[in-house]
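Participant: Structure for the following, please:
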Amino acid sequence: MVPASEAQPRGFRISFFGAALFLLGAAAVVASIFLFSSRSSNAKASLADSDGRYSTAQAELDDFRDQAARLMDVYGRFNKALGTVVGALPQSTAGQATRDSIERLNRAFGPARAGDEVAQIAAVKSALQEATPIIKEYGATLGKMGTIQRGIPSIWPIKGGIGHISTVFGYATNDFTGQRYFHQGIDCSTYRTGDPIVATADGKVVLAANDRSYGLTIVIAHAQGFSTRYGHMDRILVRTGQSVKQGQTIGILGNTGVSTGPHVHYEVMIGDKRTNPFDFLWLK
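Facilitator: Reported below is the predicted structural model:
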C-alpha cells in the first residue's frame with residue numbers, strides 16, 4: 001500500500017485460505033441481507049393479504065348486520081299490520097290455529113330483540129327458520145279469506161267508489177204518491193247517466209232484462225246464498241247465465257223504469273230476505 005504522503009510504503013500478505021474465508025464471510029453477509037429482504041417482502045405481502053381478508057370479512061359482517069336490522073324492522077311493521085287482521089279473525093278452530101301460529105312467530109323473534117350481537121344474529125337465523133312455515137300457513141289462510149270475501153257483495157256498486165247514497169234502506173216516502181213504504185235497497189247516485197256499474201261479488205247473472213218498476217235490471221247469484229239486484233240502468237253489458245267477477249263492469253248507470261233521476265237501485269238478498277247493503281260495504 002502506497003500512502004499519499006512521503007511515508008514509506010507498507011505491505012501485508014494474505015494466504016489463499018484467508019482470502020477464501022474472507023470471500024465466504026462476505027457472501028454469507030450478502031445472502032443474509034437478501035434473505036432478510038425476501039422475508040420482509042413476504043411478510044409485508046402476507047400482512048397486506050390479511051388486511052384485505054379482514055376488510056372483506058368486516059364489510060360482510062357490516063352488511064349482515066344491516067340485513068338483520070332491516071329484517072327486524074320489516075318484521076316489526078309486519079307484526080303491527082297483523083294486529084288488526086288477527087283481531088278480525090273468526091272465533092273458530094281455523095282462526096284460533098292462525099292466532100297460535102302468529103304467537104309462535106312472535107316467540108321465535110323474541111330473542112332477536114335482545115342480547116348481544118352474536119346472539120341476535122343467531123336468533124334472527126333461528127327465527128327465520130321458524131317463521132317460514134308459519135308465514136306460509138298464514139298466507140294460505142289469507143288466500144282462503146280472500147276467496148270468501150270475493151263471494152260476498154261487499155264493494156260499492158259504482159265503479160271507482162264515486163257517488164253517494166240518495167235513499168237509504170228502510171222506510172221512505174214515495175216521491176210519486178207521497179205514501180210511506182219500505183225501501184228494500186239503497187239508491188246510489190252520481191247525479192248523471194253513464195257511470196259504470198260493477199258486480200259487487202263473484203257470481204252468475206240470473207236475470208238481465210227490462211223490469212216495469214226497476215227498468216233495465218240485473219240480478220246476480222253469489223256464494224253463501226247471497227244475491228244482488230241492480231236497477232234503473234241505462235244499458236246492460238252482460239247476459240243471463242254469464243259468470244262475473246267482483247269489480248267487473250256489468251252495466252251503465254241510468255234512469256229507466258220508475259225513477260226520479262239517474263241512479264242505481266242496489267239490493268242485497270240472503271235467500272229471499274232483503275238485507276241492508278250498507279252492512280256489507282266494508283271491503284273497499
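Participant: C-alpha from now on. contacts and neighbour counts both.
Facilitator: Will do.
Participant: and the gap between the residue nearest to residue 248 when sequence neighbours are not counted and residue 153?
Facilitator: In space, residue 248 comes closest to residue 198 once its chain neighbours are excluded; the distance is 5.1 Å by C-alpha to C-alpha, 6 or more residues apart in numbering. When distance is defined by C-alpha to C-alpha, to the nearest Å, residue 198 is 11 Å away from residue 153.
Participant: Please say which of these two ends up with more neighbours.
Facilitator: Higher neighbour count among residue 198 and residue 153: residue 153, with 28 against 23, using other C-alpha atoms under 10 Å.
Participant: so how far is residue 227 from that one?
Facilitator: When C-alpha to C-alpha is applied, the distance between residue 153 and residue 227 equals 8 Å.
Participant: so what sits against both of the two?
Facilitator: With contacts taken as C-alpha atoms under 8 Å, 6 or more residues apart in numbering, the residues that reach both residue 153 and residue 227 are residue 268.
Participant: just checking, residue 281 touches residue 155?
Facilitator: Yes: under the contact definition of C-alpha atoms under 8 Å, residue 281 touches residue 155, with a separation of 5.4 Å.
Participant: So the two - more neighbours on which side?
Facilitator: The residue with more neighbours, out of residue 281 and residue 155, is residue 155; 23 against 15, by other C-alpha under 10 Å.
Participant: Let's verify the more buried one: helix, strand, or coil?
Facilitator: Local secondary structure at residue 155 is given as coil here, using DSSP: H, G, I helix; E, B strand; the rest coil.
Participant: Touching, it and residue 202? I think so.
Facilitator: No: judged on C-alpha under 8 Å, residue 155 makes no contact with residue 202 at a distance of 11.1 Å.
Participant: who's residue 254 bridged to?
Facilitator: Beta-bridge partners recorded for residue 254 (DSSP bridges): residue 263.
Participant: same deal with residue 243?
Facilitator: Counting by DSSP bridges, residue 243 forms beta bridges with residue 204.
Participant: need the strands for this protein, in chain order.
Facilitator: Per DSSP state E, the chain carries strands over the ranges 164-167, 170-173, 180-183, 186-189, 196-198, 203-211, 215-221, 226-236, 243-244, 249-253, 264-270, 273-275.
Participant: For the fifth one, which helices and strands make contact with it?
Facilitator: To tie it back to what came earlier, the one meant is strand 196-198. Identification of packing neighbours for strand 196-198 by 3 or more C-alpha pairs under 8 Å, 6 or more residues apart in numbering; DSSP states H and E yields strand 249-253.
Participant: got the contact list for the strand it packs on?
Facilitator: Surrounding strand 249-253, the residues in contact under the criterion C-alpha under 8 Å, 6+ apart are 159, 192-199, 232-238, 262-264.
Participant: Quick check: the residue lying closest to residue 150 once chain neighbours are set aside vs residue 249, distance?
Facilitator: Excluding its sequence neighbours, the residue lying closest to residue 150 (C-alpha to C-alpha, 6+ apart) is residue 201, at 5.3 Å. When C-alpha to C-alpha is applied, the distance between residue 201 and residue 249 equals 11 Å.
Participant: More neighbours: those two, which one.
Facilitator: Neighbours per residue (other C-alpha under 10 Å) separate residue 201 from residue 249, with residue 201 holding more: 27 against 20.
Participant: quick one: pLDDT of the more buried one?
Facilitator: As summarised for this prediction, residue 201 has a pLDDT of 93.
Participant: Could you report the distance from it to residue 170?
Facilitator: Looking at residue 201 against residue 170, where the rule is C-alpha to C-alpha, the gap reads 23 Å.
Participant: ok, and for stretch 185-197, which residues are buried?
Facilitator: Judged by neighbour count (16 or more other C-alpha atoms under 10 Å), stretch 185-197 contains these buried residues: 185, 186, 187, 188, 189, 190, 193, 194, 195, 196, 197.
Participant: In space, what's closest to residue 269 - neighbours in sequence excluded?
Facilitator: Nearest in space to residue 269, with sequence neighbours left out and distances taken as C-alpha to C-alpha, 6+ apart, is residue 227 at 5.1 Å.
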